[in-house]
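In: How does the following fold in three dimensions:
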Amino acid sequence: MANYILAIDQGTTSSRAIIFDKSGSIISTGQLEHEQIFPKAGWVEHNPKEIWDNTREAIGQALSKANLTRHDIEAVGITNQRETAVVWDKTTGEAIYNAIVWQDTRTQSIVDRLAADGGVERFKPQVGLPLATYFSGTKIVWILENVEGARAKADSGDLIFGTTDTWVLWNLTGGVEGGVHVTDVTNASRTMFMDLETLQWDDDILAAFDVPKSMLPEIKSSSEVYGVASPQSLLRDTPIAGILGDQQAATFGQAAFDQGEAKNTYGTGNFLIFNTDTEIVHSKNGLLTTLGYKLGDAPAHYALEGSIAVTGSLIQWLRDNLGIITNASETEALATSVDDNGGAYFVPAFSGLFAPYWRSDARGALVGLTRYVNKAHIVRAALEATAYQTREVLDAVNADSGVPLTELKVDGGMIANNFLMQFQADILGVPVVRPVVAETTALGAAYAAGLAVGFWSDLDDLRKNWQEDSRWTPNMDDAERERLLRNWKKAVTKTFDWVDDDVN
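Out: Predicted coordinates for the structure are as follows:
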């Protein structure tokens, strides 16, 4: 048996390849950022060819840095930005349009059209999701309706769709020369097309969206051998054996396998997932019902999810659009250089508001400004916004589950910021816990692949790998917490009803 598992993490801002050993420790990493394309206000795109090229190069980097070859890799797992949609011609292998990213809001008119008959919760009983620009389904519709010749090609069976896990897998297994066209249940559950109970595409919903079923990948479990890497790949003949959407992968990497366990990922956006075991729980408080994971033939595990659109990308925006910082690592020192936020609150509704509000008409606002507020206050307000949004999602989880969380496991790039982690514990009123291996998204994909090929024997094997690195406990008094939250909620209301017929 080979000694390592390779995980491909195709994220919103970069594509990475990370090699793990049996203890779940990182051996090496390859990573390349891809361009963020903004053709119009509210539009966000990626170049699918660039993503695939970068993925291949990242694999080469990871193998080279560790001085390994394909013979050292037992299996490959894939994790990905979940709702980002790619449509390509299966005869040429070329995407017919850029990938439309999960943050993109151009499809609001399609959402409104579909919601005219039954409201935004029209399909929620079957799929667990409200009608929103966030999910893949309306992105496919937009491509079919707006790219010349797309509808005819789709109807003739030449076009296929995938989230970026499917795009990477199809190319990795041969592309036009026999590429495997599948996805797993976690990604399928983010399209608006998969029935939560049957784990199959819903024909009635596809008809309502007018999307040909022939475009869609076959739905598989999160942990099984889907195919092997093509002869042209550096990983040729290596099994690809695990797929999990990024937030489910992070939950799996945190070893949150059982009912009541949860994690919060701090990345481009924030995503809190709460495991509901094999029970489908429909939220009454603005959360999504989604697939947690499915291992081979075993029953599917479900979850409640609170999705926050903009957290880490707000820090990126401060760097790239405003030039307030040159590196994200500067934010901790700036935030701690002032005693408080100076009265400033930053609501980053750049893509509307996701959970628990689901207000696509909202847009970002920086409120409470006076001449006293400086750059450090604005940076602090941006970090605090992440914590406030997480608190609102956690309140919704507690209300839906009836079992309040007693601590929060965290992962993702922003957890390196100690100010944010302490402020998060203070605003939640419960401890925040960071694991030794913070790259839990890639680790979760590695775990799913490793289980499928016997590299790890069972979930207990994986639980033993999890280790606590740091813990932050609340030290803010209740009155101050309530004051901050009251002002935050007031700030949020200022973002509502901004978009109308003549404002994008």
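
In: ok, longest helix in the protein?
Out: helix 375-401 (DSSP state H).

In: where does the residue with the largest distance to the centre of the chain land in three-state SS?
Out: For the chain, the residue at maximal distance from the C-alpha centroid (CA atoms, centre = their mean) is Arg371, at 37.6 Å. Assigned by DSSP: H, G, I helix; E, B strand; the rest coil, the conformation of Arg371 is coil.

In: Contacts only, for it.
Out: Going by CB atoms under 8 Å, 6 or more residues apart in numbering, Arg371 touches no other residue. Placement of C-beta: from N, CA and C, glycine included.

In: Would you mind measuring from it to Gly343?
Out: Going from Arg371 to Gly343 by CB to CB, to the nearest Å gives 11 Å.

In: now do the same end-to-end measure for stretch 102-121.
Out: With CA to CA, to the nearest Å applied, stretch 102-121 spans 19 Å between its terminal residues.

In: Could you check how far it is from the centre of its chain?
Out: Put simply, stretch 102-121 sits 20 Å off its chain's centre (CA atoms, centre = their mean, to the nearest Å).

In: before we move on, what about stretch 430-437?
Out: Offset of stretch 430-437 from its chain centre (CA atoms, centre = their mean): 19 Å.

In: for it, which positions count as buried?
Out: Val430, Val432, Val433, Arg434, Pro435, Val437 (16 or more other CB atoms under 10 Å).

In: Likewise for stretch 160-172?
Out: For stretch 160-172, by 16+ other CB under 10 Å, it's 160-172.

In: Out of these, which sit inside strands?
Out: Secondary structure from DSSP state E places Ile160, Phe161, Gly162, Thr163 of the buried residues of stretch 160-172 in strands.

In: Any chance of JSON lines for those, columns pLDDT?
Out: JSON lines is the format used below for those (pLDDT from 0 to 100):
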{"residue": "Ile160", "pLDDT": "97"}
{"residue": "Phe161", "pLDDT": "97"}
{"residue": "Gly162", "pLDDT": "97"}
{"residue": "Thr163", "pLDDT": "98"}
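
In: re earlier: average model confidence for the longest helix of the chain?
Out: When pLDDT is averaged along helix 375-401, the result is 94.

In: Pull the distance from that helix to the chain's centre.
Out: 17 Å.

In: Each with direction, which strands does whatever helix or strand comes next after that helix pair with?
Out: Next in sequence after helix 375-401, counting helices and strands by DSSP states H and E, comes strand 408-411. Strand pairing for strand 408-411, determined by DSSP bridges: strand 262-266 (parallel), strand 432-435 (parallel).

In: can you list the residues that contact strand 408-411?
Out: So strand 408-411 is contacted by 250, 253-254, 256, 261-266, 272, 394, 421, 424, 428, 430-435, 438-441 (CB under 8 Å, 6+ apart).

In: Buried residues, the helix or strand where Gly227 lies. List them.
Out: Assigned by DSSP H and E, Gly227 falls within strand 223-228. Of all the residues in strand 223-228, those buried under the rule 16+ other CB under 10 Å are Ser223, Glu224, Tyr226, Gly227, Val228.

In: CA atoms of it as PDB?
Out: The C-alpha coordinates for strand 223-228 follow below in PDB (Å, rounded to 0.1, in the frame of the first residue of the first chain):
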ATOM      1  CA  SER A 223     -16.600   7.900  -0.700                       C
ATOM      2  CA  GLU A 224     -16.200   5.300  -3.500                       C
ATOM      3  CA  VAL A 225     -13.900   4.800  -6.500                       C
ATOM      4  CA  TYR A 226     -15.300   6.900  -9.300                       C
ATOM      5  CA  GLY A 227     -12.500   6.200 -11.800                       C
ATOM      6  CA  VAL A 228      -8.800   6.500 -12.200                       C
END
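
In: Quick one: mean pLDDT for it?
Out: Mean pLDDT, strand 223-228: 98.

In: Now do that strand: distance to the chain's middle.
Out: With CA atoms, centre = their mean, you get 22 Å for strand 223-228.

In: That strand pairs with which strands, and in what direction?
Out: strand 239-245 (antiparallel).

In: Quick one: name whatever helix or strand follows the strand it pairs with.
Out: Where DSSP H and E defines the elements, the next helix or strand beyond strand 239-245 is helix 246-253.
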